[in-house]
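> From the sequence below, what's the structure:
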Amino acid sequence: MSPTTKTLARVPSAAAVWAAILTRAPIARSEKLPDLRYIVRGVRVDRARAVRYARLVAPHRRDPWPDAHVAHPGFLHALAQPLGLALMARPRFPLPALGLVHVKNSLLLHRPVHVEEKLDIEARLGSVSHTPRGHMCEIVSVFSRGDDILATNVSTYILRDSASREPRDGEAMRSERHPLASHTPRSRWKLPVGIGREFARVSGDAHPIHVSALGARALGAPAPLAHGMLLGSRALSEVSPSVGTPLLWEFEVPSLPPLPSTVWVRYEREQQQMAPAAGQSVAFSGFSLRGPTPAERTVRLNFFGRVRTLASM
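As a prediction, this is how the structure comes out:
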């Protein structure tokens, strides 16, 4: 059966969708996956909002993104996120939107998207699976202009099972994938308590766990947690890839740091096992220290990923 495509007049307000989610009475979930796509045509990449986003995720750079005429790739996710949220907010969506946590993101950028450019954005449900960590689902967003696909974003969300195990402190940092070698470049981020509300204003992602101490406690967190997209976008800004080439930007968020936090981020250029024309790849990983006293502190991996420039597509 072909999918049902619903064309919306405009991108919905994320705040309004969250209000509907928070006030809706619990209902039975459907086990049948909805084959529905939302599409909005002619979405303008607002210059002022795109610049605010770029500056927030690159607070110490003179030029927040190498080309002021090009939108930060993280801002594309911000444009599409309300459409994905609207899909998850549907009454028969198989998982409850309020319990879903964004744990992984992958964005394939075919060409730069310019500010003030008009795009068509389509969002649909991707795969839904059950893992030892919990139930997972993907929201796939496609950005296009005419017949040309400009970018594809896949956001992975998890609904944790009560018996699922959180990663042990420092366990992933001991693997080769997340090096702690002293020679790798390191950056230190000071994330203030209000950064969650600031990012919510520029991105539209006003999930209660990020913007309110009360909301965070109601969802089982001791304090508001940093947005995963803030962490990934800031790492991308510090890698500062060429804006004129296609790129693949992907990252995972095993443990969101509570706010306020200090996060250390390491970068390492990866050796490509392919032709030089395939471009360059930079891996990054961010971690913080947890514990009531210096003697009891342990390393907690917060996020990791890579930015890979690609040959022309």
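
> so His102 touches Thr156, yeah?
Yes - His102 is in contact with Thr156 according to CB atoms under 8 Å; the separation is 7.4 Å. Glycine gets a C-beta too; all of them are placed from N, C-alpha and C.

> Low-confidence ranges, the stretch 51-200 of the chain, go.
Where the stretch 51-200 of the chain drops to pLDDT under 70, the residues are 162-185.

> can you give me the helices in it?
Per DSSP state H, counting those that start in this stretch, the stretch 51-200 of the chain carries helices over the ranges 73-88, 195-203.

> Show me the residue at the heart of the chain, geometrically.
Residue closest to the average C-alpha location in the chain (CA atoms, centre = their mean): Met229, at 3.4 Å.

> name the element that residue belongs to?
Using DSSP states H and E, Met229 sits within helix 228-239.

> other SSEs contacting that helix?
helix 47-56, helix 73-88, strand 101-109, helix 195-203, strand 247-252, strand 261-270, strand 281-290, strand 298-309 (3 or more CB pairs under 8 Å, 6 or more residues apart in numbering; DSSP states H and E).

> Recalculate using a threshold of 7 Å.
Contact here means 3 or more CB pairs under 7 Å, 6 or more residues apart in numbering; DSSP states H and E; on that basis helix 228-239 packs against helix 73-88, strand 101-109, helix 195-203, strand 261-270, strand 281-290, strand 298-309.

> possible to save these as JSON lines with mean neighbour count and distance to Glu116?
Shown next, in JSON lines, are the helices and strands packed on helix 228-239 (neighbours: other CB atoms under 10 Å; distance: least, CB to CB, whole Å):
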{"stretch": "helix 73-88", "mean neighbour count": "24", "distance to Glu116": "13"}
{"stretch": "strand 101-109", "mean neighbour count": "20", "distance to Glu116": "18"}
{"stretch": "helix 195-203", "mean neighbour count": "21", "distance to Glu116": "17"}
{"stretch": "strand 261-270", "mean neighbour count": "17", "distance to Glu116": "32"}
{"stretch": "strand 281-290", "mean neighbour count": "21", "distance to Glu116": "29"}
{"stretch": "strand 298-309", "mean neighbour count": "21", "distance to Glu116": "25"}
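
> if we can go back for a sec, tell me the angle of the helix holding Met229 relative to strand 281-290?
For helix 228-239 against strand 281-290, the angle by axes from the mean of the first three to the mean of the last three CA atoms, to 10 degrees is 130 degrees.

> pLDDT averaged over helix 228-239 - what is it?
The average pLDDT within helix 228-239 is 96.

> And the contacts of it?
57-58, 61, 64-65, 72-74, 77, 102, 105, 187, 189, 195, 199, 203, 205, 249, 251, 253, 256, 265, 267, 282, 284, 286, 302-303, 305, 307 (CB atoms under 7 Å, 6 or more residues apart in numbering).

> so who does Arg44 touch?
Per CB under 7 Å, 6+ apart, neighbours of Arg44: 116, 118.

> do Glu122 as well
37, 39, 141-142.

> Report how many residues lie close to Lys118.
10 (other CB atoms under 10 Å).

> That one and Phe75: what is the separation?
In this view, Lys118 and Phe75 are 15 Å apart by CB to CB, to the nearest Å.
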